[in-house]
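**Student:** Generate coordinates for the sequence data below:
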Amino acid sequence: MHGVSRKTSKPEAESTAEARELRALQSQFLPNHHNKNYTKEALHLSAKLLEKNPEYYTAWNYRKLALQHALDSQPDLLPTILLEELQVAKNALKRNPRAYGAWHHRKWVLSKGDDSFLDKELQDLDDIQRLKAKDQERNFHIWNHRRFVTAMMRRSYKDELDHTENMIGTNFSNYSAWHNRSVLLSNLMEKKVQGFSQKNQVLTKELEFVRAALFTDEEDQSGWFYHLWLLDQIVKTVSPQLVSSWPSHGEVIQLRGSAMDGFFTSTSDKSKFDSVVLPIILCFNQAIKGVSSMTVSVSFRSETKKDVVWRPISTTPSQAAQVWAANLSFSDKELQSLEACSVEVRVEASKGIFSSTGCEYGHPSRFVFSVQAQALNTKRLSDLEKISWKDGNFHPQEHNNMDLNFTVPVEQLTVSNGHESTSSVWQAEIVSEEKEHFRDLLDYKIGKLTMARLLMADDALMSSGKSVHSEETLRLYTELMTLDPTHFGYYKDEHSFATLRQLTKCRRTLLSHCFQYGDSASSTNNNTICLRLNDLTLSRLGSFERLLWVEMLDLSNNEIQSIEGLEALQLLSSLNLSRNNIGSFTALLPLRQLKSLKVLDISYNNIALRSVDTTRCSSPLFNSAEVDLYFQEMMIDGISGANYWDAGLVLKGLNLTQLDVLGNKITDGHTFLLFLVKALPSLKWLDGRQLT
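**Tutor:** Numbers count the residues shown, from 1 in each chain. A predicted model of the protein is given here:
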C-alpha cells in the first residue's frame, strides 16, 4: 500500500508466541479500561500493549481518558505528562510508522500543550523518518503531521519549501517531498507571497529545478510526477471563462422544425407558428454557479428579455455546471416578419458567477446571432417513421453544400478583457521550451507520457484552436499502450480524447464525419445531418464544447463505458450507442438531461439487471426520495419498478419514441420489455417493432 511492499512474514513459531503475548496483554488491559483504572501500573501496561500493537484504537482511547483525568487532577504537571505521552506514541511508531491511531494521538496530545513542544516535535519527526529512511520517504503520515505542526508553529511556507529542497537534494526519489513541495507552492502562489506573485516566473524556476533531477536519473518517477503537476499549473486557467456557445457568434438560425420535432410547437396550420422555443447553450471551461438573468443578459430587437431562466446541465444535485442552458421563447407576434432579427447575449463580469473554488468570472463576453422564421414547406420526419442506423441511409455530401450550425471557439467571441490573451503568451512559450528539453527523453515511458501531454497542452494554448500535434500525440499514446499494458486503460482513454480533439479541431476535419440522413424506404425529404463517430475504438468521450450543435450522433461500434459529459449536447434528438461496453443503466445517467432525445439505441452492450456502475464517483442513488416515489408510481399491471430501478431512474422523464435494447443481459425476459412500454408512454418503436 502507498507504494511500499509488505514485509516478509515472520516464522510461524515466532508469530504464534507473539500472538499469545498480545492476547495476554489485551486480557489484562480490558478490565483496567472498563473499571477506569488509571494507576501508574495500568498506564504502563497499556503503553506496552500499544508498543506491540499500535493499531489497537481502544488502547489509544483509554490513554486519552487517562491523560484527561491526570490533567484535571494535576494541571501543574502538564508538561511532564504530555512529554511522557508523546514518548509512548513515538515508541509505537517505531513499531509501525504508518499507524493511524498513533498519529492521531500525537495530534491530540499536541493540541493540549503549547508552542514549547513543537520544536521537539519536528526533531522527533526527523528521528522517526531516519528509522528506515528509504521506507519512510513515502510515508504520507509523517508529511501530513509535519504540515500540522508547522501550521501550529506558524512556520513560513518559504522555510518549508527550503526543507523539501534539502530532502530532494538528499534523494531525488523522495516522492512525498515532491508532493509536499506542490502543496506549499500552491499556497505561496495563491497568497501571492513576496517572490511568488508572478506565476510565470515561479513555474519557470520550478521547471529548471525539476529538470535537474530528471536529467540526473531519467528512470526515477517522483520528479516526473512533479513535472506533470507543474504542467497542469501552466495550462489550467484559474478564473472561469466562456469557451463556446450555441448559437455561435454570427449564425443565422432558421426557426423551423428539425428532423426530430424541432424547437417549436405549432398550430394545426403548419405555415403559422403558435410559439417558438429556441435553446441557448453556454459552455464554460469549468463548473460554475450563478448564471441567471442578473448575470447573463439576452436582448432581442434591442429589448432585454426578462423571462429567460437559466438552468445548470449536470448529472448531480449540485447547482454548479460547465454547461448552462435557457429556452428563448418567441411569440407569434414577434415572428410575424420573416426578416432576420438579431439576438445579443452578454455574459457580464460579475461576482454573481463563480467557480467551486470561489474564483469570480472576470472575462465579459458577448455574442450575437440572428433568427428568422421559416414556414414548413418540406415534409419532416415524423414520430411514426423509424430511424434506421444502417450505413446505406447515410450519404456524404459536398462540404460546401452542407448547412451546418457549428459552435465556434472562444477566440471568435468578443472578449473585452485582454488579460487572458497575455497570459496565454507566456504559457505557450513555456510549453514550447519544455517540448524541446524533453525530446531527448522519449526512450522512457514517463518521457513519452510527458511529451504527449506537452503536445496536447501546446495545441490547447494555440490561438487558432487547431491541433497541429495530434498525429504525434496519438502515436505516443499508441506506443504507451504497448510498452505499459498495466496502465492500458488510462492510455486508451487519453488516446480517445486526443482522437476527438483531432476530429473536431476544424470545420474541414469535422465535415468528413458528417452525413446526411435519408431512409430510402421513407417518403420523407429531410436534411438531417448526423455526426458519425462510429468504429473509432473510442473508450472516452470529450470535446463537447465543439459539438453543441449536434442533433443526431452515431457512436456505435466503439469501446465506450461511460457517456459522462454527453449531457452538454442539449440539441441531441437521436443517439446510437449500440455495440459498446456500457455495463449498466446508471452509466447512462447523463441521458436524463437530454430532454430533446427521442431516438436511443443501446443494443448489444453489457447492461445487466440492477447493475451498479462502480466507476462513477457519486452514487446513482443520489436522490433516494425520487427513486422511492418512482417505485410507488411504477406498480403497473403487477410490474414493480423496484425490479428495474436503474432503468427507471434513467428513462423517467424522457420523451423517447424509439428505443433499442436488444442484445443486453437485462433483456432476457419479456417482463422488462413490458416495463419499458409502460414506463415510456410516448414509445412508438421498441427493438425495431412498431407498437400498437
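
**Student:** Make sure residue 322 is actually in contact with residue 567.
**Tutor:** No - taking CB atoms under 8 Å as the contact criterion, residue 322 and residue 567 are not neighbours in contact, 9.6 Å apart. (Glycine included, C-beta is placed from N, CA and C.)

**Student:** what about this protein, any weak spots by pLDDT?
**Tutor:** Flagging of the chain using pLDDT under 70 yields the residue ranges 1-15, 130-138, 256-275, 332-338, 374-384, 397-423, 463-467, 519-527, 609-642, 667-669.

**Student:** sorry, back to before: please enumerate the shared neighbours of residue 322 and residue 567.
**Tutor:** residue 313 (CB atoms under 8 Å, 6 or more residues apart in numbering).

**Student:** Can you check which helix is longest in this protein?
**Tutor:** In the chain, with assignment by DSSP state H, the single longest helix is helix 12-34.

**Student:** who does it touch, helix- and strand-wise?
**Tutor:** Helix 12-34 makes packing contacts with helix 40-52, helix 57-73 when contacts are defined by 3 or more CB pairs under 8 Å, 6 or more residues apart in numbering; DSSP states H and E.

**Student:** okay if I get these as a markdown table plus mean neighbour count?
**Tutor:** Output for the helices and strands packed on helix 12-34, formatted as a markdown table (neighbours: other CB atoms under 10 Å):
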| stretch | mean neighbour count |
| --- | --- |
| helix 40-52 | 17 |
| helix 57-73 | 16 |
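
**Student:** between those helices, which one is nearest to residue 364?
**Tutor:** Among the helices and strands packed on helix 12-34, the nearest to residue 364 by CB to CB is helix 57-73 (54.9 Å).

**Student:** what does that closest one rub up against?
**Tutor:** Outside of helix 57-73, the residues within contact range by CB under 8 Å, 6+ apart are 29-30, 32-33, 36, 38, 42-43, 46-47, 49-50, 53, 77-78, 81, 85, 88, 101-102, 104-105, 108-109, 112.

**Student:** Show me how to select, in PyMOL, the buried members of those.
**Tutor:** To isolate the buried subset of the contacts of helix 57-73 in PyMOL, counting by 16 or more other CB atoms under 10 Å, use the following:
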select buried, resi 29+32+33+38+42+43+46+47+49+50+53+81+85+88+101+102+104+105+109
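
**Student:** about what we covered before: just the buried residues of the longest helix of the chain, please?
**Tutor:** By neighbour count, with 16+ other CB under 10 Å as the criterion, the buried positions of helix 12-34 are 25, 29, 32, 33.

**Student:** Looking at those residues, spot the one nearest residue 455.
**Tutor:** Using CB to CB, residue 25 comes nearest to residue 455 of the buried residues of helix 12-34, at 59.9 Å.

**Student:** what's near enough to touch that closest one?
**Tutor:** When the contact criterion is CB under 8 Å, 6+ apart, the partners of residue 25 are 45, 48, 49, 52.

**Student:** Please tell me how far the residue nearest to the third one when sequence neighbours are not counted sits from residue 326.
**Tutor:** Nearest in space to residue 49, with sequence neighbours left out and distances taken as CB to CB, 6 or more residues apart in numbering, is residue 25 at 4.4 Å. With distances defined as CB to CB, to the nearest Å, the gap from residue 25 to residue 326 amounts to 68 Å.

**Student:** Likewise for residue 158?
**Tutor:** In this structure, residue 158 and residue 326 are separated by 47 Å, where distance is defined by CB to CB.

**Student:** Pull the distance from the longest helix of the chain to the chain's centre.
**Tutor:** What separates the centre of helix 12-34 from the centre of its chain is 47 Å, taken as CA atoms, centre = their mean, to the nearest Å.

**Student:** pull the CA atoms of that helix into PDB?
**Tutor:** Provided in PDB are the C-alpha atoms of helix 12-34 (Å, rounded to 0.1, in the frame of the first residue of the first chain):
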ATOM      1  CA  GLU A  12       5.300 -19.400  12.400                       C
ATOM      2  CA  ALA A  13       6.700 -20.200  15.800                       C
ATOM      3  CA  GLU A  14       7.700 -16.600  16.400                       C
ATOM      4  CA  SER A  15       4.300 -15.300  15.200                       C
ATOM      5  CA  THR A  16       2.500 -17.700  17.500                       C
ATOM      6  CA  ALA A  17       4.500 -16.700  20.600                       C
ATOM      7  CA  GLU A  18       3.900 -13.000  19.800                       C
ATOM      8  CA  ALA A  19       0.200 -13.600  19.300                       C
ATOM      9  CA  ARG A  20      -0.100 -15.300  22.700                       C
ATOM     10  CA  GLU A  21       1.800 -12.400  24.400                       C
ATOM     11  CA  LEU A  22      -0.500  -9.900  22.700                       C
ATOM     12  CA  ARG A  23      -3.700 -11.700  23.800                       C
ATOM     13  CA  ALA A  24      -2.400 -11.800  27.400                       C
ATOM     14  CA  LEU A  25      -1.700  -8.100  27.400                       C
ATOM     15  CA  GLN A  26      -5.200  -7.400  26.000                       C
ATOM     16  CA  SER A  27      -6.900  -9.600  28.600                       C
ATOM     17  CA  GLN A  28      -5.100  -7.700  31.400                       C
ATOM     18  CA  PHE A  29      -5.700  -4.300  29.800                       C
ATOM     19  CA  LEU A  30      -9.500  -4.500  29.200                       C
ATOM     20  CA  PRO A  31     -10.500  -4.700  32.900                       C
ATOM     21  CA  ASN A  32      -8.500  -1.500  33.500                       C
ATOM     22  CA  HIS A  33     -10.300   0.200  30.700                       C
ATOM     23  CA  HIS A  34     -13.800  -0.900  31.900                       C
END
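
**Student:** That one relative to helix 40-52, how many degrees between them?
**Tutor:** Relative orientation of helix 12-34 with respect to helix 40-52: 140 degrees, computed using axes from the mean of the first three to the mean of the last three CA atoms, to 10 degrees.

**Student:** what's the longest strand belonging to the chain packed up against?
**Tutor:** What stands out as the longest strand in the chain, according to DSSP state E, is strand 273-289. Secondary-structure packing of strand 273-289 (3+ CB pairs under 8 Å, 6+ apart): strand 242-246, strand 252-255, strand 264-266, strand 321-331, strand 341-347, strand 350-355, strand 365-373.

**Student:** who has more neighbours, residue 158 and residue 326?
**Tutor:** residue 326 (22 against 14; other CB atoms under 10 Å).

**Student:** name the helices or strands packed onto the host helix or strand of residue 81?
**Tutor:** Under the assignment given by DSSP states H and E, the secondary-structure element containing residue 81 is helix 78-95. Here helix 78-95 is seen to pack against helix 40-52, helix 57-73, helix 100-112, helix 118-131 when contacts are counted using 3+ CB pairs under 8 Å, 6+ apart.

**Student:** what's it in contact with?
**Tutor:** In this structure, residues lying in contact with helix 78-95 by CB under 8 Å, 6+ apart are 47, 50-52, 54, 63, 67, 70-71, 74, 99, 102-103, 105-106, 109-110, 112-113, 116-117, 121, 124, 127-128, 131.

**Student:** If we go by neighbour counts, what in that helix is buried?
**Tutor:** Using 16+ other CB under 10 Å as the test for burial, helix 78-95 gives 81, 82, 85, 86, 88, 89, 90, 92, 93.

**Student:** same question, stretch 651-663
**Tutor:** The neighbour-count criterion (16+ other CB under 10 Å) identifies 651, 652, 654, 656, 657, 658, 659, 660, 661 as the buried residues of stretch 651-663.

**Student:** Now it - C-alpha only, PDB.
**Tutor:** Listed in PDB are the C-alpha atoms of stretch 651-663, where the atom choice follows Å, rounded to 0.1, in the frame of the first residue of the first chain:
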ATOM      1  CA  LEU A 651     -35.500   6.700 -18.600                       C
ATOM      2  CA  LYS A 652     -38.100   8.500 -16.400                       C
ATOM      3  CA  GLY A 653     -39.000  11.900 -17.900                       C
ATOM      4  CA  LEU A 654     -37.600  11.100 -21.400                       C
ATOM      5  CA  ASN A 655     -39.900  11.500 -24.300                       C
ATOM      6  CA  LEU A 656     -38.500   8.600 -26.300                       C
ATOM      7  CA  THR A 657     -40.400   7.500 -29.400                       C
ATOM      8  CA  GLN A 658     -37.800   4.800 -30.400                       C
ATOM      9  CA  LEU A 659     -35.700   2.500 -28.200                       C
ATOM     10  CA  ASP A 660     -33.500  -0.400 -29.000                       C
ATOM     11  CA  VAL A 661     -32.200  -2.600 -26.100                       C
ATOM     12  CA  LEU A 662     -31.800  -5.900 -27.800                       C
ATOM     13  CA  GLY A 663     -28.600  -7.900 -27.000                       C
END
